[in-house]
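> When you get a sec, could you give me coordinates for this:
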Amino acid sequence: MMTVTTSEARQRWGRVLDAAKREPVTITEHGRPTAVLMDADLSGRALAALRRETSTAAPQGVAAWRRREEGKMDAIAARWSALAKPGTRPLQDAAAYYSERPAKA
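From the prediction side, this is the model:
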């Protein structure tokens, strides 16, 4: 991959643009990469692949995470209920308490 500074990119824009049609060109500023210039077709394919990857992976990851968190909450609720006095409903009472409290200004 070709790398140029911002000043070089401004001074040799035509050459940089031609190079970007062949391979991605990294543009640096103060020694750090700030932008990548690439062929529009390559950019479109890369973005489409990224969209496909995130649209299929994210829901599965979220569902697995949600199952794990719900399992943790069920375990906490079971422990809490085991510690509660017989005949009380600590989780329901706490939820009612917090939902009925006036909001702080």
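> Against which helices or strands is the host helix or strand of residue 9 packed?
Using DSSP states H and E, residue 9 sits within helix 6-11. Helix 6-11 sits against strand 25-29, with contacts defined as 3 or more CB pairs under 8 Å, 6 or more residues apart in numbering; DSSP states H and E. (C-beta placed from N, C-alpha, C; glycine too.)
> mind redoing it with 10 Å?
strand 2-5, helix 13-22, strand 25-29, strand 32-37 (3 or more CB pairs under 10 Å, 6 or more residues apart in numbering; DSSP states H and E).
> Let's test this: name the helix or strand in this structure with the lowest mean pLDDT.
Least confident helix or strand of the chain, by mean pLDDT, DSSP states H and E, is helix 90-100 with a mean of 58.
> so which of the helices and strands packed on helix 6-11 is the most packed in?
Of the helices and strands packed on helix 6-11, the one with the most neighbours on average (mean count of other CB atoms under 10 Å) is strand 25-29, at a mean of 16.
> same for that strand, what does it pack against?
strand 2-5, helix 6-11, helix 13-22, strand 32-37.
> on that earlier part again, quick check: buried residues in the helix holding residue 9?
Buried residues in helix 6-11, counted by 16 or more other CB atoms under 10 Å: residue 9.
> which residues touch the closest residue to residue 16 other than its chain neighbours?
Leaving aside its chain neighbours, residue 16 sits nearest to residue 9 (5.0 Å; criterion: CB to CB, 6 or more residues apart in numbering). Each residue near residue 9 by CB atoms under 10 Å, 6 or more residues apart in numbering is listed here: 15, 16, 17, 20, 25, 27, 28, 29, 35, 37.
> Look up how far residue 28 lies from residue 9.
Taking CB to CB, to the nearest Å as the measure, residue 9 falls 9 Å from residue 28.
> what residues do these two have in common as contacts?
In contact with both residue 9 and residue 28: residue 35, using CB under 10 Å, 6+ apart.
> Including pLDDT and distance to residue 51, could the contacts of residue 9 go into CSV?
Output for the contacts of residue 9, formatted as CSV (pLDDT from 0 to 100; distance: CB to CB, whole Å):
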residue, pLDDT, distance to residue 51
15, 95, 32
16, 94, 28
17, 93, 26
20, 92, 22
25, 94, 24
27, 95, 25
28, 95, 28
29, 95, 28
35, 93, 21
37, 93, 21
